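Novice: Here is my input, please return the structure:
(one chain, ligands or ions: 1)
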Amino acid sequence: MERVWPLTAEEQEATAKSSATGTPTVIVDDLHIVYKVYGATSAEEKGNAATALLRLVKRQGRPQMREVHAVKGVSFVARHGDAIGIIGRNGSGKSTLLRAIAGLLPPHSGAVYTDGQPSLLGVNAALMKELTGERNITLGCYAMGMTPSEVRAKYDEIVDFSGIGEFVQFPMSTYSSGMGARLRFAIASAKVHDVLLIDEALATGDREFRKRSQKRIMQMRESAGTVFLVAHNLDVIEETCNRVIWLHKGKIKMDGDPAEVIGAYNKA
Ligand SMILES: Nc1ncnc2c1ncn2[C@@H]1O[C@H](COP(=O)(O)OP(=O)(O)OP(=O)(O)O)[C@@H](O)[C@H]1O
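Specialist: Model prediction:
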């Protein structure tokens, strides 16, 4: 039977060496991300009847905007061949950081530099529920910049990898969440990405699919891409990544070897 994981000691050493010497693909420099939330006010801002009357007299509206400082001064360098797991409690800023690396959120201050085009594969990656799997494969591949002949060449492989079988002819609205996640991953990984950002997309797949995805991520690293993976399942992170960043309240608490970082995180 084909061995998918774990890596042998020699492979781990080779991976560690290549990631230490690989050229940088993503540089995050003192990054701050601030969300502005309109229409949200705290209890004290709402105040009592007297302050409300004063606002009326002064013709002032209720304060409408609040800020959420989600990422607070994060810096690191990712290199070719790195698979970096991002862990942290709910609300620690993991998804925000991925979206910022993908260029979907403007920095409040600091900067993100990327070599090549980052692609974000999220739980809600833009596939259209009312269209069949087949149409979504075609459109998804076009959206990633593939040509019609490249799509034709990859089509069968995508369907095989996703394991959805004849459901490919059905609208995605009929898929279970695991089937949807598998198809999204199969489409996204059909292309060689310079920087692939995966946000919890593997969470709903079953064990067998997770193993295949881990192998695919490993291949992407070998083809000199960089993969970022956000997952609450720490086993997936430990088995897939060569480096882990632990975010806590928007800041990096620890960055390094997966076993060490996950060990410290579990004790915290
Ligand atoms: N669109 C948004 N508007 C305003 N605040 C947001 C928005 N998205 C996230 N936040 C806030 O930013 C902070 C970080 O959220 P983020 O989703 O990045 O955390 P996370 O670590 O990915 O959480 P989880 O593990 O629950 O997915 C949280 O305080 C959250 O409430």
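
Novice: Stretch 96-115: which residues count as buried?
Specialist: Buried positions in stretch 96-115, judged by neighbour count with 16 or more other CB atoms under 10 Å: 96-102, 105, 107-108, 110, 112, 114-115. C-betas here are computed from N, CA, C, even on glycine.

Novice: first vs last residue of it, how far apart are they?
Specialist: Distance between the two ends of stretch 96-115: 20 Å, counting by CA to CA, to the nearest Å.

Novice: coming back round to it: what's the farthest-apart pair in the buried residues of stretch 96-115?
Specialist: Largest separation among these by CB to CB: H108 and D115, giving 23.3 Å.

Novice: which one of the buried residues of stretch 96-115 sits closest to H80?
Specialist: D115 (8.5 Å).

Novice: hang on, the earlier thing: the ligand next: which of the buried residues of stretch 96-115 are close?
Specialist: On the criterion CB under 6 Å from any ligand atom, T96 are the entries of those that sit beside the ligand.

Novice: Okay, and which of the buried residues of stretch 96-115 map to strands?
Specialist: G110, V112, T114 (DSSP state E).

Novice: Could you single out the nearest of these to the ligand?
Specialist: Of all those, the ligand sits closest to V112, with 14.8 Å by CB to the nearest ligand atom.

Novice: quick one: contacts for that closest one?
Specialist: Residues near V112 by CB atoms under 8 Å, 6 or more residues apart in numbering: V26, I27, V28, D29, L31, A100, I101, G103.

Novice: Swap in 6 Å and give it another go.
Specialist: V28, A100, I101 (CB atoms under 6 Å, 6 or more residues apart in numbering).

Novice: Just put those residues in CSV and tack on pLDDT.
Specialist: Below are the contacts of V112 laid out as CSV (pLDDT from 0 to 100):
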residue, pLDDT
V28, 97
A100, 95
I101, 95
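
Novice: after the lowest-mean-pLDDT helix or strand in the chain, next one along is what?
Specialist: Scoring the helices and strands of the chain by mean pLDDT, DSSP states H and E places helix 9-21 at the bottom, with a mean of 50. Following helix 9-21 in sequence order, the next helix or strand is strand 24-38 (DSSP states H and E).

Novice: Among the ones in strands among the buried residues of stretch 96-115, which one lies nearest to A52?
Specialist: Nearest to A52, judged by CB to CB, of these is G110 at 38.8 Å.

Novice: and that closest one, what pLDDT?
Specialist: G110 carries a pLDDT value of 97.

Novice: quick one, what contacts it?
Specialist: By CB under 6 Å, 6+ apart, the neighbours of G110 are D29, D30, L31, H32.
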